[in-house]
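Student: The following block contains a protein sequence and its predicted model.
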Amino acid sequence: MLEKIMPYIRKYWLHMAVLFILVVAVVITAAVFNSEGGPPEESSSTTASSKATEPPGTGTDTEPSSSGPDTTQPTTSSETESTTSGEEVTVTLPVSAAFPITGITGETKRASHRQEGVSLVIATVETAVTPNPCNLPELGKISIALNDLTDAYIKKADETLLTDAKDSFAKGNIRLPYTMTVEYSIPFNSRHYISFVFKDSTYSGGQIDFPDIKTKNFSASGDILTLSSLFSASTDVYRQRIINDIIEQIGTDTADYYNDYKNLLNTFDFEKRWYFSEQGFVFYFIPYEISVFSAGIVEFTVPYASLSDILKQNPAY
C-alpha cells in the first residue's frame with residue numbers, strides 16, 4: 001500500500017505542505033478572533049471624526065486624488081514652539097490641501113482711451129490666477145481678493161488717469177499718453193502662507209514715472225493676514241523691534257534718507273507695507289516717505305530669527 005502511494009507523495013509533497021500550513025493558520029486566526037470577542041463595532045460618527053482630525057499625509061481618507069486636492073483635508077494643524085522661558089506652547093495654523101499653491105499663471109488686463117485720435121491712457125495690469133479645479137473655498141477667497149486688486153488698478157486707469165489726461169489734453173499738453181504698468185511676483189509660497197507683490201509704475205505727466213507697491217498676504221484659510229496676527233507681543237513691542245532693526249540696517253549710510261527719518265519710522269503704518277520672504281519680513285517705503293525720490297522703493301528684510309521670541313510661529317516652517 002505504502003509503495004503505491006509513495007510516488008504520489010514524492011510528486012505532490014510541496015502542495016501538501018502548503019495546504020497544511022494554510023490549515024494551521026486558519027485554526028490559529030479563529031482562536032485569536034474568538035478570544036477577543038470579535039471586531040469592535042465602528043460607528044459613523046467615529047469615522048467622520050477621524051477624517052476631520054487626521055493630519056495631511058496619513059491614512060487613505062485624506063490622500064489627494066489624481067483629479068486635484070481632497071476637500072476632506074483638515075483646516076488647521078498644531079505645531080509646538082518654545083517660548084523664551086523654555087515653556088512649550090501649541091500654535092494652531094491654517095492648513096489647506098492646496099498649499100503651497102501650484103500652477104499659478106499670469107493674466108494681463110488692459111485699458112486704453114483715445115480722444116480725437118490722440119492716445120490718452122494706456123494701462124497694462126498683470127495679475128496672478130490661482131487654479132481651483134476642486135472649488136476649494138480658501139482658493140476662492142484668494143482669487144476674489146486678487147481680482148478686486150486688479151479691478152482697482154483698471155478703475156484707476158479708467159477714472160483717475162483718464163480724467164487727468166483729458167484735462168491735460170484740453171490744456172494742450174503733449175506729454176501723453178498717461179501710462180500704468182503693473183507686474184506681480186510671488187516671493188513666498190509655503191504650506192501655511194503666501195505673498196503676492198504687485199509693483200506698478202505710473203506716468204501722469206512730468207518727467208518721470210512714479211513707482212509703487214501693493215501686497216496681499218494670505219493664510220492657508222484664504223484670509224488676508226494682518227501683521228499683528230503673527231505676533232504674540234503687543235503692537236508697541238513688535239513695532240519697536242522692527243524699527244530698531246531698520247535703523248541698524250541703515251547705519252551711517254543716511255545720504256538718501258531725510259534727517260528725521262527715525263521720527264518718520266515711528267509714525268509709519270507697517271501694517272500696510274509688508275510681505276513674506278524666505279529670509280524674513282520685508283518692509284518697504286515708496287519715494288518721499290523716508291527717503292528722496294532717487295532712492296526709489298526702499299526695502300528692508302527683518303529676519304524671522306531676530307523676532308523669534310515674539311512670533312507665534314516662524315513663517316518659514
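Tutor: Cool, got the structure. Just so you know, these numbers come straight off a predicted model, no measurement behind them. Residues are numbered from 1 along each chain as shown.

Student: CA atoms for contacts and neighbours, from now on please.
Tutor: Noted.

Student: need the contact list for Leu225.
Tutor: 217-219 (C-alpha atoms under 8 Å, 6 or more residues apart in numbering).

Student: repeat for Val282
Tutor: Val282 touches 274-276, 299-302, counting by C-alpha under 8 Å, 6+ apart.

Student: Looking at these, which is nearest Ile247?
Tutor: Phe300 (9.8 Å; C-alpha to C-alpha).

Student: What average pLDDT does the helix or strand hosting that closest one get?
Tutor: For Phe300, the host element (DSSP states H and E) is strand 298-303. The average pLDDT for strand 298-303 rounds to 98.

Student: now the helices for the stretch 101-250 of the chain?
Tutor: According to DSSP state H, counting those that start in this stretch, the stretch 101-250 of the chain carries its helices in the segments 137-155, 162-170, 235-250.

Student: Give me the buried positions along the last one.
Tutor: In other words, helix 235-250. With burial defined by 16 or more other C-alpha atoms under 10 Å, the residues of helix 235-250 counted as buried are 238-239, 242-243, 245-246.

Student: I'd say Asn189 and Pro100 touch.
Tutor: Yes: counting by C-alpha atoms under 8 Å, Pro100 is a contact partner of Asn189 at 5.6 Å.

Student: Settle it for me: which of these two has more neighbours?
Tutor: Neighbours around Asn189 and Pro100, counted as other C-alpha atoms under 10 Å, are more numerous at Asn189. The numbers are 19 against 15.

Student: And that one, how close does it get to Leu227?
Tutor: 17 Å (C-alpha to C-alpha, to the nearest Å).

Student: do the same with Leu136
Tutor: Leu136 sits 25 Å away from Leu227, going by C-alpha to C-alpha.

Student: Over to Leu161?
Tutor: For Leu161, the distance to Leu227 equals 32 Å [C-alpha to C-alpha].

Student: one step back: quick check: ChimeraX command selecting the buried ones in the contacts of Val282.
Tutor: Of the contacts of Val282, the buried ones go into a single ChimeraX selection, burial set by 16+ other C-alpha under 10 Å:
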select :274,275,276,300,301,302
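
Student: on that earlier part again, how about the buried residues of helix 235-250, which pair is most distant?
Tutor: Farthest-apart pair in the buried residues of helix 235-250 is Tyr238 and Ile246; separation 12.5 Å (C-alpha to C-alpha).

Student: Can you report how many residues neighbour the closest residue to Gly280 other than its chain neighbours?
Tutor: Excluding the flanking residues, the one nearest Gly280 by C-alpha to C-alpha, 6 or more residues apart in numbering is Pro303, at 4.0 Å. Using other C-alpha under 10 Å, Pro303 is surrounded by 16 other residues.

Student: what do you get for Lys141?
Tutor: By other C-alpha under 10 Å, 16 other residues sit near Lys141.

Student: Quick check: closest non-adjacent residue to it.
Tutor: Distances taken as C-alpha to C-alpha, 6+ apart put Gly222 closest to Lys141, at 5.4 Å, once the chain neighbours are dropped.

Student: what sits against that neighbour?
Tutor: By C-alpha under 8 Å, 6+ apart, the neighbours of Gly222 are 137-142.

Student: At which residues are the strands of the stretch 101-250 of the chain located?
Tutor: All strands of the stretch 101-250 of the chain, identified by DSSP state E, counting those that start in this stretch, fall at 105-115, 118-129, 178-189, 193-203, 210-219.
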